[in-house]
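Participant: Sequence first, predicted coordinates after that:
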Amino acid sequence: MSESIGVLGGGSWGTALSILLAKKGVEVDLWVRNEEKASQMSEARENIQYLPGVILPNNINITSSIDKTIKNKDILLLAVPTQAVRNTIEKIKDDIKPGQIIVNVAKGIEVDTLYRISEIVEELIPNSKYAVLSGPSHAEEVAKDIPTAIVVASKYEDVGLYVQEFFMTPKFRVYTNEDVIGVELGGALKNVIALGAGISDGLGYGDNTKAALMNRGIIEIARLGEKMGANSMTFAGLSGIGDLIVTCTSMHSRNRRAGIKIGEGHSMEEASSIVGMVVEGIKTSKSAYNLAKKLDVEMPIVNAIYGVLYKGKDVKNSVINLMLRDKTHEVEM
Ligand SMILES: NC(=O)C1=CN([C@@H]2O[C@H](COP(=O)(O)OP(=O)(O)OC[C@H]3O[C@@H](n4cnc5c(N)ncnc54)[C@H](O)[C@@H]3O)[C@@H](O)[C@H]2O)C=CC1
Ligand SMILES: O=C(CO)COP(=O)(O)O
């Protein structure tokens with residue numbers, strides 16, 4: 001088993017996974033792009049901005065050198081926001097060695113291309129050993145050793161098994177799956193539904209409303225996923241309904257918290273700045289809306305959230321419109 005990893009992205013998730021692995025004895029190089037922030041974090045042994053209150057073990061080396069971060073590592077962990085993935089890969093693509101495994105943990109869809117992360121990686125580094133690690137896993141809990149289960153998907157069986165072993169601890173259980181499309185879409189699209197769940201909470205609606213959004217939301221996700229070649233069973237798993245549950249119900253969720261602010265009357269920009277961390281569902285709702293249109297898939301909840309965020313649609317009227325859609329059968333895909 002490899003003893004070292006290069007983590008690209010020192011936000012809450014990159015930091016939490018670095019802590020998990022460091023405690024396991026792995027040597028971690030953690031790339032923080034801002035030099036001043038990197039030295040401040042290194043001295044304080046804490047990520048004060050994104051994960052306050054958790055000590056960084058000594059075998060996490062924080063650096064602003066991306067070259068050093070990727071050198072001689074068997075695994076590179078992509079932990080930057082989705083819309084920054086392309087730019088980050090551009091920086092490293094010429095120095096990646098053929099055997100290096102790229103594990104992505106970002107959850108979103110690129111807004112300009114409608115690409116999933118694996119498609120961006122394949123375009124820039126063809127035939128790389130790619131895996132995606134996804135599931136219900138808030139950084140704040142993983143960093144405190146709270147039991148968590150997650151899934152790794154790769155089209156290469158050996159890569160999936162290797163990553164499973166690499167990350168697995170008694171507090172972090174990793175399953176395998178080969179459905180990269182399904183795992184990526186579940187992780188990306190649940191953020192859009194979580195924004196909706198937050199909006200519902202912000203409007204003062206109840207548990208019934210949220211359950212309806214979550215349930216009808218996963219059906220929309222599965223509908224788009226099937227059209228894109230995913231296995232529909234993946235959406236019943238950790239990266240599908242599992243992650244949807246945690247994101248729609250937890251106060252750790254950045255997407256839910258942003259949604260609450262929007263439901264209370266704040267603009268999308270205000271909500272995002274109050275949360276102060278990446279709210280992936282904002283950009284991904286635009287990607288999802290455009291994907292649904294392009295592939296002719298019915299996604300009423302996604303359309304409603306897109307309308308509120310980007311078209312200035314009234315929130316309460318959007319809920320009424322969803323409730324009054326044409327009558328339909330529950331299990332019709
Ligand atoms: N926070 C969490 O609990 C989890 C987050 N994720 C996913 O992980 C990804 C990263 O999220 P977080 O760590 O939560 O974000 P965050 O908001 O905590 O931190 C984002 C980090 O990315 C850096 N960054 C922003 N733009 C960049 C750029 N252009 N180039 C390089 N670095 C850049 C920021 O400086 C910051 O260090 C997202 O896709 C998120 O959905 C997945 C599972 C859990
Ligand atoms: O993906 C996540 C938990 O599994 C994190 O969700 P948020 O970005 O909404 O906090």
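Facilitator: Noted; the coordinates are in hand. Ligands and ions are numbered 1, 2, ... in the order given.

Participant: Would you verify that Y130 is located in a strand?
Facilitator: Yes: per DSSP: H, G, I helix; E, B strand; the rest coil, Y130 lies within a strand segment.

Participant: Just the pLDDT at it, thanks.
Facilitator: The model reports Y130 with a pLDDT of 98.

Participant: residues near it, how many?
Facilitator: By other C-beta atoms under 10 Å, the residues close to Y130 number 21. To be clear about C-beta, it is placed using only N, CA and C from the backbone, and glycine gets the same treatment.

Participant: isn't it right next to V152, touching?
Facilitator: No: counting by C-beta atoms under 8 Å, Y130 stays clear of V152, with 10.8 Å between them.

Participant: From V28, how far off is N208?
Facilitator: Computed as C-beta to C-beta, to the nearest Å, the N208 to V28 distance reads 44 Å.

Participant: Grab the nearest non-local neighbour of the residue nearest the centre of the chain.
Facilitator: For the chain, K107 is the residue whose C-alpha lies nearest the centre (C-alpha atoms, centre = their mean; 2.5 Å). Of all residues not flanking K107 in the chain, G187 sits nearest, at 3.8 Å (C-beta to C-beta, 6 or more residues apart in numbering).

Participant: give the contact list for the one you found.
Facilitator: K107, V132, S134, G135, S239, D243 (C-beta atoms under 8 Å, 6 or more residues apart in numbering).

Participant: per-residue pLDDT, the third one?
Facilitator: What that stands for is S134. pLDDT, S134: 98.

Participant: I'd like to know how many residues surround it.
Facilitator: 29.

Participant: phi, psi of it?
Facilitator: phi -150, psi 160 (degrees, to the nearest 10).

Participant: and the contacts of G187 near ligand 1, which?
Facilitator: Restricting the contacts of G187 to those near ligand 1 by C-beta under 6 Å from any ligand atom leaves K107.

Participant: thinking again about what came up before, do the helix or strand hosting the residue nearest to K107 and ligand 1 meet?
Facilitator: Counting by DSSP states H and E, the element that carries G187 is helix 180-202. No: using C-beta under 6 Å from any ligand atom, helix 180-202 never reaches ligand 1; the gap is at least 6.5 Å.

Participant: Now do M1, the pLDDT please.
Facilitator: 43.

Participant: quick one: N58 is in a helix?
Facilitator: No: applying three-state DSSP, one finds N58 to be coil, outside a helix.
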